[in-house]
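Chemist: Here is a sequence together with a model predicted from it:
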Amino acid sequence: MVLFDRLVAAAGGEPTAADIVGLGPDRLHSLGLSGAKSAAMVDVARRQVSGHFDIENLDALDDEAVVAALTAARGVGRWTAEMFLLHQLRRPDILPAGDLGIRHAIQQGWPQPRVPAEEQARQFGARWSPRRSYATALLWASLPPRHPSKP
């Protein structure tokens with residue numbers, strides 16, 4: 001929330017796409033975002049402002065169309081687009097097979113000698129369609145808690 005609060009303060013209120021473009025990547029970076037995330041945010045905002053896509057209405061598109069629209073932006077990959085589908089659009093059939101945690105959970109739950117590759121995890125998870133998002137939540141929940149490393 002600290003980062004968002006800084007962004008709200010810099011934008012003078014709830015930030016719009018035009019505000020993000022106006023702030024630019026250097027100002028966003030100075031607020032605490034990484035350079036790559038700053039550039040990605042500005043590119044997504046530029047695409048919104050220019051009409052390349054309407055982030056407010058992406059829910060009208062099918063999953064792959066949303067992935068295609070988002071990944072066209074600089075610095076936005078499939079994993080990020082799938083997180084958007086899961087957490088923002090609350091789509092019921094998303095398995096982020098590129099997520100290492102998901103792949104570790106598959107390896108642990110169905111003993112395999114190695115962590116499955118992304119495509120292997122995607123194929124393995126096909127059995128959970130059309131409710132792969134629920135499987136995703138259960139896979140993440142099955143992982144042991146991460147403990148911060150001690151200095």
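Modeler: Yep, it's here. Numbering: from 1, shown residues only.
Chemist: Assign Trp140 to helix, strand or coil.
Modeler: helix (DSSP: H, G, I helix; E, B strand; the rest coil).
Chemist: Let me see the contact set for it.
Modeler: Listed by CB atoms under 8 Å, 6 or more residues apart in numbering, the contact set of Trp140 reads Gly101, Ile102, Ala105. (Each C-beta comes from the backbone N, C-alpha and C, glycine too.)
Chemist: mind running it again at 10 Å?
Modeler: Pro96, Asp99, Gly101, Ile102, His104, Ala105 (CB atoms under 10 Å, 6 or more residues apart in numbering).
Chemist: ok, for the residue nearest the centre of the chain, nearest residue in space, not its chain neighbours?
Modeler: Of all residues in the chain, the one closest to the mean position by CA atoms, centre = their mean is Thr80, 2.6 Å from it. Across the structure, with CB to CB, 6 or more residues apart in numbering as the measure, the residue nearest Thr80 apart from its sequence neighbours is Leu70 (6.8 Å).
Chemist: pLDDT averaged over whichever strand or helix holds that neighbour - what is it?
Modeler: Take DSSP states H and E as the rule and Leu70 turns out to sit in helix 63-71. Model confidence over helix 63-71 averages 96 on the pLDDT scale.
Chemist: what element comes up after that helix heading to the C-terminus?
Modeler: For helix 63-71, the following helix or strand on the C-terminal side (DSSP H and E) is helix 78-87.
Chemist: Give me the distance from that following helix to the chain's centre.
Modeler: On the basis of CA atoms, centre = their mean, to the nearest Å, the separation between the geometric centre of helix 78-87 and that of its chain is 4 Å.
Chemist: Now tell me what touches it from outside.
Modeler: Judged by CB under 10 Å, 6+ apart, the contacts made with helix 78-87 from elsewhere in the structure are 37, 40, 44, 55, 58-59, 63-64, 66-73, 76, 91-100, 118, 132-133, 136-137.
Chemist: Give me the angle between it and helix 63-71.
Modeler: Note on geometry: by axes from the mean of the first three to the mean of the last three CA atoms, to 10 degrees, helix 78-87 and helix 63-71 are set 120 degrees apart in direction.
Chemist: returning to that earlier point: so the residue nearest to the centre of the chain versus Asp5, what's the distance?
Modeler: Thr80 is 22 Å from Asp5, where distance means CB to CB, to the nearest Å.
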